[in-house]
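# what's the 3D shape of this:
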Amino acid sequence: MLRRFLTVFLLILPLGLFAAEGESPRMIVVTGTGEVTAQPDMATIRLGVTHQDADAADAMNRVSEDVRKLFETVAEFGIQPRDLQTASLRLDTIWENRRSSDQGPPRISGFVASNDISIRVRDFARLGELLDRLLRDGANQFSGVSFAVQRPEPMVDEARRRAVADARRKAELYALAAGVRMGEVLEIREPGTASGPVPRMSRMEPIMAEAAMPVAGGELTFSAQITILYAIAE
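As a prediction, this is how the structure comes out:
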């Protein structure tokens, strides 16, 4: 009986040691956020040309002629080919409306051709002037304008630094409130890559000459989120 008891005790003892060694360390887990705002220095315009005609080729030719004029205008403003892109090119049929009493299959009555282009404008001061010219030179479809920063990396990195500082501030606060001492960093996670830019409608100041179309860039917000695990010191 004594020999059996000693055997069981020796089997349980190592298991207890492994369980103790496998316990998770005590820690403080916090998530910090950081934001940086910046004024945009680049815009992307999306607009195009659409025409309707009884003949498909004629509809497409009219669109192509106007788009060539737009390309010439864009070149006059010094925009490089890398900043000009065809966003979509379409040719749709127009079907003749028939009453239910009419006989025969539906019939095509015409065609609608369209060509949308995307233009990056790096000379931000001339954005309004360019928009005005493009609409005068044949663009009859306008999908909108978006704003960006040409070099977002410094803003994103600063947002990350602020997120780390915010996480440390929270950890210090929790440690003090809980009556424990904060130890070393165990792990740093970035659950969501720094997002942005996000438009923020503030300081809506005109960014072009008075004679051009009024456009306001406001501000862009770059944000980051960091999760840090701090050990609780003994």
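
# show me the domain layout of the protein.
23-39+152-233, 42-98+108-148 (automatic domain parsing).

# okay if I get those domains as JSON lines plus mean neighbour count?
(Each C-beta comes from the backbone N, C-alpha and C, glycine too.) Putting the domains of the chain into JSON lines (neighbours: other CB atoms under 10 Å) gives the following:
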{"stretch": "domain 23-39+152-233", "mean neighbour count": "16"}
{"stretch": "domain 42-98+108-148", "mean neighbour count": "16"}
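
# lowest mean pLDDT across the ones you listed, which one is that?
With a mean of 82, domain 23-39+152-233 has the lowest mean pLDDT of the domains of the chain.

# shouldn't residue 191 be within a strand?
No - secondary structure of residue 191 (DSSP: H, G, I helix; E, B strand; the rest coil): coil, not part of a strand.

# that one and residue 171: what is the separation?
17 Å (CB to CB, to the nearest Å).

# CA atoms of the helix or strand where residue 134 lies as CSV?
Using DSSP states H and E, the element containing residue 134 is helix 127-136. Coordinates of each C-alpha in helix 127-136 appear next as CSV, following Å, rounded to 0.1, in the frame of the first residue of the first chain:
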residue,chain,number,x,y,z
LEU,A,127,-8.0,72.3,-59.0
GLY,A,128,-10.9,74.7,-59.3
GLU,A,129,-9.6,76.2,-62.5
LEU,A,130,-9.1,72.7,-64.0
LEU,A,131,-12.6,71.6,-63.1
ASP,A,132,-14.1,74.7,-64.7
ARG,A,133,-12.2,74.0,-68.0
LEU,A,134,-13.0,70.3,-68.2
LEU,A,135,-16.7,71.0,-67.8
ARG,A,136,-16.5,73.7,-70.5
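
# hey, where'd the helices end up in this structure?
2-21, 56-76, 127-136, 153-178 (DSSP state H).

# nearest to residue 147, of these?
Among the helices of the chain, helix 127-136 comes nearest to residue 147, with 9.3 Å by CB to CB.

# now the closest one: how far from the chain's centre is it?
Here helix 127-136 is found 25 Å from its chain centre; the criterion is CA atoms, centre = their mean, to the nearest Å.

# and it with helix 56-76, angle?
150 degrees (axes from the mean of the first three to the mean of the last three CA atoms, to 10 degrees).

# and helix 127-136, what does it pack against?
Packing contacts for helix 127-136, counted by 3 or more CB pairs under 8 Å, 6 or more residues apart in numbering; DSSP states H and E, involve strand 42-53, helix 56-76, strand 108-121, strand 141-148.

# redo those as TSV? Include distance to residue 88.
Shown next, in TSV, are the helices and strands packed on helix 127-136 (distance: least, CB to CB, whole Å):
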stretch	distance to residue 88
strand 42-53	8
helix 56-76	12
strand 108-121	5
strand 141-148	10
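
# among those, which is nearest residue 92?
Going by CB to CB, the one of these nearest residue 92 is strand 108-121, 4.7 Å.

# parallel or antiparallel, which strands does that closest one pair with?
If you go by DSSP bridges, strand 108-121 pairs up with strand 42-53 (antiparallel), strand 84-95 (antiparallel).
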